[in-house]
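Trainee: Predicted model and sequence follow; I will ask about them next.
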Amino acid sequence: MGVITVRIPDGVKAKMREVNINWSEEIRKFIIQRIKEEERKKNLQRALEILEGRKGVERGFSAKSVREDRDSN
């Protein structure tokens, strides 16, 4: 497992000691969550770029398709 170091003000460190929280675990969860958020943003951007180059469907296509399907039954 990798190790990272974070510098924080002395006052913050003192307050961290006052509460019963596993800070390593909290920070680990936060980092994993942020990575997931950034990956979602990147994937959404990629999907939007793919869709941007696509031609849309003609107006009324959905209604026409439903009508054709109903008429064929």
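Mentor: Arrived safely. Residues are numbered from 1 along each chain as shown.

Trainee: can you list contacts of the helix or strand where residue 11 lies?
Mentor: Per DSSP states H and E: residue 11 is located in helix 10-18. Residues from elsewhere that reach helix 10-18 (CB atoms under 8 Å, 6 or more residues apart in numbering): 8, 23. C-betas here are computed from N, CA, C, even on glycine.

Trainee: So what's the gap between that helix and the chain middle?
Mentor: Its chain's C-alpha centre and that of helix 10-18 lie 31 Å apart, by CA atoms, centre = their mean, to the nearest Å.

Trainee: any chance you could map the helices in the chain?
Mentor: In the chain, the helices defined using DSSP state H lie at 10-18, 23-52, 61-72.

Trainee: lowest-confidence stretch among those?
Mentor: Ranked by mean pLDDT, the helices of the chain end with helix 61-72 in last place, scoring a mean of 88.

Trainee: That one packs against which elements?
Mentor: The helices and strands touching helix 61-72, judged by 3 or more CB pairs under 8 Å, 6 or more residues apart in numbering; DSSP states H and E, number zero.

Trainee: Okay, buried residues for that helix please.
Mentor: By 16 or more other CB atoms under 10 Å, helix 61-72 has no buried positions at all.
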